[in-house]
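>>> what follows is a predicted protein model with its sequence.
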Amino acid sequence: MSDLQLEQYLFDVQGYLVIENVLSPEEVATLNQHIDDQQLPTPGKVQRFGSAPAGPGFLQWGKLFCDLLDHPKIMPILQFRLGDCFRLDRIYGMYMREGMRRGALHADYGATSPTAKANPGEYYPFRDNQILNGFVVVTFNLADTGPEHGGFCCIPGSHKGNFKLPRQIAKAPEDSPAVIIPNAPAGSAILFTEALTHGTAAWNGKHERRSLLYKYCVSHIAWKGDRVAQPEGIELTERQKILFREPADPYRHFPSLFDIAS
């Protein structure tokens, strides 16, 4: 079994995937230095930085942030989750210091989502080994995360659940064996579907948590009306430019990201 087949299987059954050594130690250090240069306020009530849609967000801080848009180690996974035609929908960074409390478990799709009672519309069922899942998040870790420290947490397999998250798990996820905090060292990427029940565990690490989140969706949908703007003065590849396009039907009005040179 190839690495990609294994990754596809694990993503399918877990709803998330951790890939280590996506970024080199030098790249991690450079990205952290660019963040230091922004002189952000000490993380406290606010855990996010460099958010967009609100201009280009942290993409304006340097070309390396833009190079992560279509990093070669994440694109094959995004392709089998989203198809050939997808776009960048949102970005933001997360940082935490020791003692910061957890966030709430949530899912943006499925039985636990706020839209669970909305009319789903008509759709064609899964077939022919094609999985077209609306939103996938790629989290690049710039610091070690895991059970000892905190950070990303989730309920593996919950993206396929048919029942709403029980109140006792939502109230105390740290007490539930169903909720895990996967090991994801600095330089790793965590990919997960927004249908997965996930959240942020309390931060117990002595070091500061730093993560960069890139959120992608199939080409014909969008989270909201605003768009992430292309950064000014930074040259993007043709494939990277496609990621900033307006929502449109795949192939008919939105090109494949894999039919052109990256």
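Sure, I can see it.

>>> and stretch 26-38, how far out from the chain's middle?
What separates the centre of stretch 26-38 from the centre of its chain is 20 Å, taken as CA atoms, centre = their mean, to the nearest Å.

>>> doesn't Arg239 lie inside a helix?
Yes. Arg239 forms part of a helix when assessed by DSSP: H, G, I helix; E, B strand; the rest coil.

>>> neighbours around it, how many?
Counted with other CB atoms under 10 Å, residues neighbouring Arg239 total 18. C-betas here are computed from N, CA, C, even on glycine.

>>> from Leu4, how far off is it?
According to CB to CB, to the nearest Å, Arg239 stands 19 Å off from Leu4.

>>> and if you look at Leu236?
26 Å.

>>> low pLDDT regions in the stretch 151-262 of the chain?
In the predicted model of the stretch 151-262 of the chain, residues 261-262 satisfy pLDDT under 70.

>>> where do the strands of it begin and end?
Remark: strands assigned in the stretch 151-262 of the chain by DSSP state E, counting those that start in this stretch are 151-154, 189-193, 198-201, 209-218.

>>> could you check the angle the last one makes with strand 189-193?
Think strand 209-218. Calculated by axes from the mean of the first three to the mean of the last three CA atoms, to 10 degrees, strand 209-218 forms an angle of 40 degrees with strand 189-193.

>>> what pairs with strand 209-218, parallel or antiparallel?
Partner strands and pairing direction for strand 209-218 (DSSP bridges) are strand 86-96 (antiparallel), strand 135-141 (antiparallel).

>>> nearest to Glu26, out of the ones you listed?
Nearest to Glu26, of all the strands paired with strand 209-218, is strand 135-141, at 14.3 Å by CB to CB.

>>> ok, residues contacting that closest one?
22-23, 31, 68, 74, 78, 81-82, 89, 108-109, 151-152, 184-195, 210-217, 223 (CB atoms under 8 Å, 6 or more residues apart in numbering).

>>> my read: Leu4 touches Pro76, true?
Yes. Counting by CB atoms under 8 Å, Leu4 touches Pro76, with 5.7 Å between them.

>>> OK, contacts around Pro53?
Residues in contact with Pro53, defined by CB under 8 Å, 6+ apart, are 90, 224, 226-229.

>>> mind checking how far it is from Gly161?
The gap separating Pro53 from Gly161 is 30 Å, by CB to CB.
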